[in-house]
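Undergrad: Fold the following.
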Amino acid sequence: MSLPVTEKLILRQINHWNSLRDLIPDSASPPHSPRQPVITISRMAGSGGRFLAEDLANKLSLDLHDQSMVQKIVKDRQLEDSLVADLDENTISQTRLWVKGVFSQRIFLKDQYYGDLVRIVSSLAARGGVVFLGRGANLILGEKADLRVRVVASERIRIDRLRSRLELSKAEARMLVRKTDAKRTDFVRQVFHQEPGQDDNYDLVLNSTRLSQESMISLVMQTLLEQKATEKKLVKLGAG
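TA: The predicted model follows:
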């Protein structure tokens, strides 16, 4: 049975991207050596951003990092999960956090969490071959990321999707969408002093209200291909 046109296109783009990556020999100098891409995905609650991140990581054989970054902070600092969870994509008063740290015999402040997050994201990105989901990775890396994507959708669509997926009432789904969006917005404002949806912090904004998952993957692939082709031209110019 033949594959749909969109799937054929995606597979062709993956193969093309891999061939572009292999064009530069391993003996090339480090600044020009081939490196798998670093992609950041920011999303509205219920927009499908997580599914996009998972599919991209799977199709391009990249590592996906989201909650794993938080778990690394917990492990590195030997902290309780609940202590760090209070900080993750949430706002919390320094006093409340300090009191909780005293009772758990672990003092861990917001600045330490944010510093650790920057360190971990930067370290993982330096190796290449990673998809970051949330945690302000697009703001931490800026243009050092190969592609910064934001996934949006209408509130109606997002509510319907969460209702179906989590078996919630319409009121429960609406509350979850708004509460999650508010948490993420507060996190970005407090940590980075910016708005989550600020256009110049993204290279590609995808509206899943009208775009299918396959279409979004295709657009991401095409953008990566164009970037790799441009890099190849620049390498040739530099060698000329």
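
Undergrad: Look up phi and psi at Q213.
TA: Here is the backbone geometry of Q213 (degrees, to the nearest 10): phi -60, psi -40.

Undergrad: now do V149
TA: According to degrees, to the nearest 10, V149 has phi -110, psi 140.

Undergrad: Beta-bridge partners for it, please?
TA: Listed by DSSP bridges, the beta-bridge partners for V149 are I41, L204.

Undergrad: I'd like to know how many residues surround it.
TA: Counted with other C-beta atoms under 10 Å, residues neighbouring V149 total 25. All C-beta atoms are positioned from the backbone trio N, CA, C, and that covers glycine.

Undergrad: who touches the nearest residue in space to A137 that is not next to it in sequence in this structure?
TA: What sits nearest to A137 in space, not counting adjacent residues and going by C-beta to C-beta, 6 or more residues apart in numbering, is T40, at 4.3 Å. Residues counted as contacts of T40 (C-beta atoms under 8 Å, 6 or more residues apart in numbering) are V131, F132, A137, N138, L141, A145, L147, R148, V149.

Undergrad: and what of V151?
TA: Shown in contact with V151 (C-beta under 8 Å, 6+ apart): I41, S42, R43, M44, S47, G48, G49, L52, V205, L206, S208, M216.

Undergrad: In strands, which of those appear?
TA: Using DSSP state E, the subset of those located in strands is I41, S42, R43, V205, L206.

Undergrad: doesn't M216 make contact with the last one?
TA: Right, L206. Yes: in this structure L206 lies within contact range of M216 using C-beta atoms under 8 Å: 4.8 Å.

Undergrad: what's the overlap in contacts for these two?
TA: Taking C-beta under 8 Å, 6+ apart as the criterion, L206 and M216 both touch L52, V151.

Undergrad: which residue ranges form the strands in this protein?
TA: 38-43, 63-65, 130-133, 147-152, 204-207.

Undergrad: looking at these, which is buried most?
TA: Of all these, strand 38-43 carries the top mean neighbour count, a mean of 27, counting by mean count of other C-beta atoms under 10 Å.

Undergrad: orientation of it relative to strand 147-152 in degrees?
TA: Here strand 38-43 points in a direction 10 degrees away from that of strand 147-152 (axes from the mean of the first three to the mean of the last three C-alpha atoms, to 10 degrees).

Undergrad: List the contacts of A126.
TA: By C-beta under 8 Å, 6+ apart, the contact set of A126 is empty.

Undergrad: before we move on, back to that, for V188, which of the strands of the chain is the nearest?
TA: Minimum separation from V188 across the strands of the chain (C-beta to C-beta) falls at strand 38-43, 8.8 Å.

Undergrad: Any idea how many residues pack against the closest residue to R158 other than its chain neighbours?
TA: Spatial nearest neighbour of R158, chain neighbours left out: G46 (3.2 Å); criterion: C-beta to C-beta, 6+ apart. A count of nearby residues for G46, using other C-beta under 10 Å, gives 26.

Undergrad: burial measure for the closest residue to L141 other than its chain neighbours, as a count.
TA: Nearest residue to L141, sequence neighbours excluded (C-beta to C-beta, 6+ apart): A125, at 5.5 Å. By other C-beta under 10 Å, 21 other residues sit near A125.

Undergrad: which residues does A125 contact?
TA: Listed by C-beta under 8 Å, 6+ apart, the contact set of A125 reads V38, F132, A137, L141, K144, A145.
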